[in-house]
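let me see the structure of the following:
(chains A, B and C)
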Amino acid sequence: MEEILKNLNPRQKEAVTTINGPLLILAGPGSGKTRVLTHRLAYLIANNIAPENILAVTFTNKAANEMKQRIAKLIGEKIYAPLIGTFHSICLKILRKEIDKLGYKKSFVIYDEDDQLSVIKKIIPELEINKDQFPPKKAAAIISGLKSEFIDYATYAENAREYFEKTMSRIYSAYQNELKKNNALDFDDLIMLTIKLFEKFPETLNKYQEKFQYILVDEYQDTDPIQYRLIKLLASKNRNICVVGDDAQSIYSFRNADFRNILNFEKDYPEAKVITLDQNYRSTQNILDAASKIISKNKYQKPKNLWTENPAGPLISIISTWDEKTEAELIAQKIEELKKQGFKLKDFTVFYRTNAQSRAIEETFIRNNIPYKLIGATKFYQRKEIKDLISYLKFIATEDLISLERIINIPPRGIGEITFEKIKRLGLKKATKEKPEINKFYTLIRDLKKKSEKLSLSQLLKLVLEETDYRNYLKKTYGGNVLANDIPEDEARWQNIQELVNVCSDYDKIEPPQGLYEFLEKTALFSDADEINEQKDLVHLMTLHTAKGLEFSVVFISGCEEGILPHSRSLINPLDVEEERRLFYVGITRSKSHLYCIFAQRRSNWGQKEANPPSRFLTEIPQELISFEEFYKKEGGDLIDF
DNA sequence: CCATAATTCTTTTTT
DNA sequence: AGAATTATGG
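Residues are numbered from 1 along each chain as shown, chains lettered A, B, ... in the order given. You can find the predicted model right below:
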């Protein structure tokens, strides 16, 4: 117990020890939020609250895992960790147990973004809808938006009046039917169906209300209406609900997150206690001053008063560069310089507004031999070769149509569109007599399926690679193509597959075929932030959104230009600009000491050069905190003339 | 059915 | 500019 309460300031201590009733913790950046959360969970357990009666919701799986580890350390003895996870992973757990009540099989599959899109792409022509009027991506976004507000297709159809809504509602219901037919759920369904389950079966809700007597939600400012509703349902009985967040760090309104959820907490729970954590332990005084000044420009927010006992630290460096290439050069050069002062590679990070910006930086880092890790962008599990192989595994496990469509002719085995239609009509087994190629494929899958019950996961994957002659397929399709880092493309893709084999071998100790199922479960909910690994000595490259919750000694924010940050799409709406400002605020408050904000005089966008003025956010930093530099050197070292 | 050529899209941010 | 999708000819 002493261990748990040691090294906490009075407010933190209060937040840790107030265990009953609703509690709102307003936690500014660097205020020791994670510390408070883990200590609070440990404190609950130390006070004889059974771990299984605790539910903690985090924003990423990585945060969940870290929290579990830290609690184990604090408690010392071997305990079962409480249920800690993201909204999606928690709902997945509940649905795996209960979803049969809603008419799905418990073995349901999860469709990711790509899968969703292929479903919609298939549906739109079937419904004879013009795909230029209803672009599949847009339709997918609308459906996801509706689900985040808990509007199902029936409700939407009832209220559809105009042509657009009526057509959209046809797409929505056809989409949902298709998913149901395949016993599939998309990300939003995980939460939506959990609520449906609870609302339709009060005794089930009651069971979980009694189970989760103590609920904790992190990053509460980024909850959307459906998540809000879920938490409200679960917490309504015991009202031991603790939420943590910071309205100034709300950056997900584009996917319907609503920071008013945090501002209204006291209305939802009038008896709530509110604790504000405003001492910053992370950043220098200069950085904190700049951050406070910037965020104060936002109209819609709770006023804050962040303070720190840290030293002033170096000035904030604002640097003007020639273009995105010199920008990257500059970052590389600064990293080399600071490394000589004793900084490690893992102390550095580069943030950008859009993933596309990472390219120039990546190329420069490769050229300068700076080891780096790119987070997000072309996500590992989205790469073609990885998705192909996971689709094989998925089809072996669940026989869903989307996976089948993906693998049926990869590598090419003479089964085209027309033949595939036949298979869909007759089913794979019956279609075998239509064409010898189908029979061959059927036998392949049947044998793999059989083997999957005995082989460990990595062995199974290796067998798939062997049986499909996948390496040769890569050579045929990508051979001869050489990537920016001088590696042949087929070789690079093969390396990715080796990495996948490595990941799979982590599941080898789990009894087959259970290992396969657990692997598929994990990969389905994998997120960008989960791949961040502080142990490795690398420079991390990521979007500002992914940066939330992290900290680094040296932070570079690239592309501080109007139209980039704030993004051009946000400029129409002042509320959106406020969100961009929060994004910038999140970015700068990640820094412990050194902060570089860089803008380029020109930048290629879509293969076209454009010139943008420096970001308005830079002008919001007080002059006396800034040191300004210009960097217009070309690779050869010549100065460029204006 | 499949390899190549032509074309059209992409870039906001993501669980 | 580069990737992804679709059209074309074999």
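
all contacts plus neighbour counts: C-alpha atoms, from now on.
Noted.

following the strand or helix carrying A:Ile71, which helix or strand shows up next?
With elements taken from DSSP states H and E, the one containing A:Ile71 is helix A:61-75. Following helix A:61-75 in sequence order, the next helix or strand is strand A:83-85 (DSSP H and E).

does that following strand reach DNA strand B?
No - for strand A:83-85, no contact with DNA strand B is found by C-alpha under 7 Å from any atom of the strand; the gap never falls below 8.6 Å.

and A:Thr546, which of the three is it?
Per DSSP: H, G, I helix; E, B strand; the rest coil, the local secondary structure of A:Thr546 is coil.

next one: phi and psi at the nearest residue to it once chain neighbours are set aside?
Sequence neighbours aside, A:Ala529 is the residue nearest to A:Thr546 in space, at 6.0 Å (criterion: C-alpha to C-alpha, 6 or more residues apart in numbering). Recorded main-chain torsions at A:Ala529 are phi -60, psi -20, according to degrees, to the nearest 10.

cool, the one 3 residues further on as well?
In this entry, A:Ile532 is assigned phi and psi values of phi -70, psi 130 (degrees, to the nearest 10).

I'd like the distance between it and DNA strand B.
According to C-alpha to the nearest atom of the strand, to the nearest Å, A:Ile532 stands 11 Å off from DNA strand B.

quick one: that residue and A:Glu219, what's the gap?
Between A:Ile532 and A:Glu219 the computed distance is 18 Å (C-alpha to C-alpha, to the nearest Å).

residue ranges with poor pLDDT in the stretch 351-500 of chain A?
Low-confidence segments of the stretch 351-500 of chain A, defined by pLDDT under 70: A:377-379, A:480, A:483-486.

strands of that one, residue ranges please.
Per DSSP state E, counting those that start in this stretch, the stretch 351-500 of chain A has strands spanning A:372-374. These are given in chain order.

what are the buried residues along the lengthiest helix in chain A?
The helix spanning the most residues in chain A, taking DSSP state H as the definition, is helix A:163-181. Within helix A:163-181, the residues scored as buried using 16 or more other C-alpha atoms under 10 Å are A:166-176, A:178-179.

rebuild the residues you listed as TSV, extending it with distance to DNA strand B and pLDDT.
As requested, the buried residues of helix A:163-181 are exported to TSV (distance: C-alpha to the nearest atom of the strand, whole Å; pLDDT from 0 to 100):
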residue	distance to DNA strand B	pLDDT
A:Lys166	23	91
A:Thr167	20	90
A:Met168	18	91
A:Ser169	20	92
A:Arg170	21	92
A:Ile171	18	91
A:Tyr172	17	93
A:Ser173	19	93
A:Ala174	20	92
A:Tyr175	16	93
A:Gln176	16	93
A:Glu178	19	89
A:Leu179	16	91
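
picking that back up, tell me, how many residues neighbour the residue nearest to A:Thr546?
Number of residues near A:Ala529 (other C-alpha atoms under 10 Å) recorded here: 21.

same deal with A:Arg602?
The tally of other residues near A:Arg602 (other C-alpha under 10 Å) stands at 18.

repeat for A:Val482
Burial of A:Val482, expressed as a neighbour count using other C-alpha under 10 Å, amounts to 14.

and the longest strand for chain A?
Ranked by residue count and defined by DSSP state E, the top strand of chain A is strand A:591-600.

and that one, which strands flank it?
Note on strand A:591-600: by DSSP bridges, its sheet partners are strand A:316-321 (parallel), strand A:552-557 (parallel).

next secondary structure after the first one?
If I follow you right, that is strand A:316-321. Scanning the chain past strand A:316-321 towards its C-terminal end, the next helix or strand to appear is helix A:324-340 (assignment: DSSP H and E).

anything in that next one near DNA strand C?
No - applying C-alpha under 7 Å from any atom of the strand, one finds helix A:324-340 out of contact with DNA strand C, separated by at least 12.7 Å.

buried stuff in that helix?
If you call a residue buried by 16+ other C-alpha under 10 Å, then helix A:324-340 has these buried ones: A:324-332, A:335, A:338.

ok so, going back, how far off centre is the longest strand of chain A?
Mean C-alpha position of strand A:591-600 versus that of the full chain (C-alpha atoms, centre = their mean, to the nearest Å) differs by 24 Å.

list the neighbouring strands of the next helix or strand after that strand plus their orientation.
Beyond strand A:591-600 on the C-terminal side, the first helix or strand identified by DSSP H and E is strand A:603-605. Listed by DSSP bridges, the sheet partners of strand A:603-605 and their directions read strand A:608-610 (antiparallel).

buried set for the partner strand?
Of the residues in strand A:608-610, none has enough neighbours to count as buried (16+ other C-alpha under 10 Å).

same deal with stretch A:293-300?
When burial is assessed from 16+ other C-alpha under 10 Å, stretch A:293-300 yields the following buried residues: A:294-296, A:298.
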